[in-house]
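*Asks:* sequence and computational prediction follow.
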Amino acid sequence: MKFPGSIHSKLPKVGTTIFTVMSGLARETGAVNLSQGFPDFSIPERLVELTHSYMRKGLNQYSPMQGAPILRERLAEKVEELYSAKYDPETEINITAGATQAIYTAISAFVKEGDEVIIFEPAYDCYDPAIEIHGGKTMYVQMNLSGELIDWEKVKKLINQRTRMIIINTPHNPSGRVMNAADMLKLQKLTDGTDIIILSDEVYEHIIFDGMEHQSVARFPKLAERSIVVSSFGKTYHNTGWKIGHVLAPKELMKEFRKVHQFNVFSVNTPAQYALADFLLEKEHYLELGAFYEEKRNTFLKLLEGSNFKVQPSEGTYFQLLDYSKISDEKDTDYAVRLTKEVGVASIPVSVFYHEKNEDRFLRFCFAKEDETLEKAAEKLMKL
Ligand code: PMP
Ligand code: GLN
């Protein structure tokens with residue numbers, strides 16, 4: 001079929017996300033898929049049982065627009081315990097259809113034509129199109145992936161009356177780097193006395209390594225006041241396909257967030273929310289998640305010892321950047337395709353997370369996989 005008129009695209013430069021492209025290519029070619037970020041192991045059995053039990057109990061209709069009350073209450077308790085921050089479950093917490101919807105809704109609620117939004121590159125791919133579709137202007141700050149992550153002087157220079165929002169992401173996808181307390185204090189100082197809203201993407205909040213602590217904006221009262229904090233159950237409970245996330249924000253911001261949320265999703269899967277509320281009580285799951293993935297990272301790196309890849313620091317998330325410049329001087333987008341087709345390992349080329357040409361030679365590999373999968377991939381990568 002063919003649309004008979006002309007298309008007036010709202011996103012003329014946007015194509016299909018790299019995750020869909022590379023996972024598709026991995027399926028087509030039978031390559032080991034270390035591209036799109038998702039685990040290849042099972043979710044906790046109890047979570048499955050709990051979901052079934054709530055379905056059988058008849059919790060199968062719409063949940064409240066804000067999310068199941070018990071889940072919001074348990075999240076409030078968790079956040080207070082972890083970050084010493086108080087959020088009112090009634091007015092300051094909302095359940096969303098994953099972090100992607102939360103991010104889109106937050107941008108939609110606050111970014112108007114002509115507003116500027118600062119993001120850090122390499123940037124997770126859903127920020128920029130959401131800003132553009134609402135008429136906002138994205139202002140880019142490049143991060144230093146192998147040294148001090150953010151040059152706050154650069155951020156300072158970009159801030160002006162039109163700056164509506166700053167989007168941060170820690171632990172950071174795709175780099176695996178994390179922001180520290182000093183970064184947070186600098187951000188606090190820079191935004192003090194402004195109307196700037198901080199959108200803090202913390203989906204990997206529990207996946208942090210080497211004894212480091214996650215620096216949620218929620219830990220910093222002066223930052224929390226101006227922040228929308230986004231997280232995703234998908235990363236924490238290995239169930240990315242459930243697409244359930246949550247948002248924390250001061251009530252004035254949440255009021256505006258909900259104005260949009262009620263019309264772009266209204267509410268999300270009911271039995272899964274009740275199951276997650278119960279499973280949140282099993283604290284060891286999220287408290288031990290960092291150690292679980294740290295071991296995966298170490299396994300992957302051990303398997304690659306002596307390879308021709310140069311290892312970049314991975315301090316959190318379930319991603320490892322590898323520099324392949326000793327192996328090839330091809331562009332990363334070409335090399336990632338060739339590696340999938342000819343070597344049989346799919347990864348993500350990092351240059352797609354920049355708005356301008358990027359000459360780095362980095363590929364992102366997801367190590368949220370069974371050891372057997374990592375072994376299979378490493379065996380192929382060691383031959384290069
Ligand atoms: N932000 C980042 C940094 C991510 O890596 C992801 C990917 N899962 C998301 C947001 C989206 O999360 P969700 O799958 O819950 O929509
Ligand atoms: N966040 C996942 C990643 O970074 C992908 C999610 C998606 O496919 N949209 O790989």
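*Replies:* Good, I have the coordinates. Ligands and ions are numbered 1, 2, ... in the order given.
*Asks:* tell me where the protein has strands.
*Replies:* For the chain, applying DSSP state E gives strands covering 32-33, 93-96, 116-121, 137-142, 163-169, 197-201, 227-232, 245-248, 310-311, 319-323, 345-346, 348-349, 362-366.
*Asks:* surely residue 54 and residue 276 touch.
*Replies:* No - Residue 54 is beyond contact range of residue 276, at 10.1 Å (criterion: Cβ atoms under 8 Å). Quick note: C-beta positions are derived from backbone N, CA and C, even for glycine.
*Asks:* which one of the two is surrounded by more residues?
*Replies:* residue 276 (26 against 20; other Cβ atoms under 10 Å).
*Asks:* for the more buried one, give its distance to ligand 2.
*Replies:* 19 Å (Cβ to the nearest ligand atom, to the nearest Å).
*Asks:* that residue contacts residue 246, correct?
*Replies:* No - using Cβ under 8 Å, residue 276 is not in contact with residue 246; the gap is 9.4 Å.
*Asks:* skipping adjacent residues, who's closest to residue 330 in space?
*Replies:* residue 338 (7.0 Å; Cβ to Cβ, 6 or more residues apart in numbering).
*Asks:* no wait, residue 290
*Replies:* In this structure, residue 290 finds its nearest non-sequential neighbour in residue 208, 5.1 Å apart by Cβ to Cβ, 6+ apart.
*Asks:* need the contact list for that neighbour.
*Replies:* Residue 208 makes contacts with 171, 178, 214, 290, 315-316, as judged by Cβ atoms under 8 Å, 6 or more residues apart in numbering.
*Asks:* keep only those of those residues that are in helices.
*Replies:* Judged by DSSP state H, the subset of the contacts of residue 208 located in helices is residue 290.
*Asks:* dump the residue contacts of residue 249.
*Replies:* Residue 249 touches 92, 94, 227-229, 257, counting by Cβ under 8 Å, 6+ apart.
*Asks:* can you pull the pLDDT of it?
*Replies:* pLDDT for residue 249: 99.
*Asks:* one more: residue 146?
*Replies:* pLDDT, read off for residue 146, is 89.
*Asks:* wait, it sits on residue 310?
*Replies:* No - between residue 146 and residue 310 there is no contact under Cβ under 8 Å: 9.9 Å.
*Asks:* state the distance from the residue nearest to residue 290 to residue 286.
*Replies:* From residue 208 over to residue 286 the distance is 11 Å, taken as Cβ to Cβ, to the nearest Å.
*Asks:* how about the nearest residue to residue 154, chain neighbours excluded?
*Replies:* For residue 154, ignoring the flanking residues on the chain, the nearest one in space by Cβ to Cβ, 6+ apart is residue 141 at 5.1 Å.
*Asks:* list the residues that contact the nearest residue to residue 185 once chain neighbours are set aside.
*Replies:* Excluding its sequence neighbours, the residue lying closest to residue 185 (Cβ to Cβ, 6+ apart) is residue 220, at 7.3 Å. Taking Cβ under 8 Å, 6+ apart, we find residue 220 in contact with 184-185, 188.
*Asks:* out of those, which is nearest to ligand 2?
*Replies:* Comparing the contacts of residue 220 against ligand 2 with Cβ to the nearest ligand atom places residue 184 closest, at 23.0 Å.
*Asks:* for that closest one, give me the pLDDT.
*Replies:* So, for residue 184, pLDDT stands at 98.
*Asks:* got the contact list for it?
*Replies:* Residue 184 neighbours (Cβ under 8 Å, 6+ apart): 215, 217, 219-220, 223.
*Asks:* alpha carbons only: can I get stretch 247-262 in PDB?
*Replies:* This file holds the C-alpha atoms of stretch 247-262, laid out as PDB (Å, rounded to 0.1, in the frame of the first residue of the first chain):
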ATOM      1  CA  VAL A 247       8.900   8.200  38.400                       C
ATOM      2  CA  LEU A 248       9.700  10.300  41.500                       C
ATOM      3  CA  ALA A 249       9.100  14.000  41.500                       C
ATOM      4  CA  PRO A 250       8.100  16.900  43.800                       C
ATOM      5  CA  LYS A 251       4.300  17.200  43.700                       C
ATOM      6  CA  GLU A 252       4.200  20.400  41.500                       C
ATOM      7  CA  LEU A 253       6.200  18.600  38.800                       C
ATOM      8  CA  MET A 254       4.300  15.400  39.200                       C
ATOM      9  CA  LYS A 255       1.000  17.200  38.700                       C
ATOM     10  CA  GLU A 256       2.200  18.300  35.300                       C
ATOM     11  CA  PHE A 257       3.600  14.900  34.500                       C
ATOM     12  CA  ARG A 258       0.300  13.200  35.200                       C
ATOM     13  CA  LYS A 259      -1.600  15.600  33.000                       C
ATOM     14  CA  VAL A 260       0.300  14.000  30.100                       C
ATOM     15  CA  HIS A 261       0.600  10.500  31.500                       C
ATOM     16  CA  GLN A 262      -3.100  10.100  31.800                       C
END
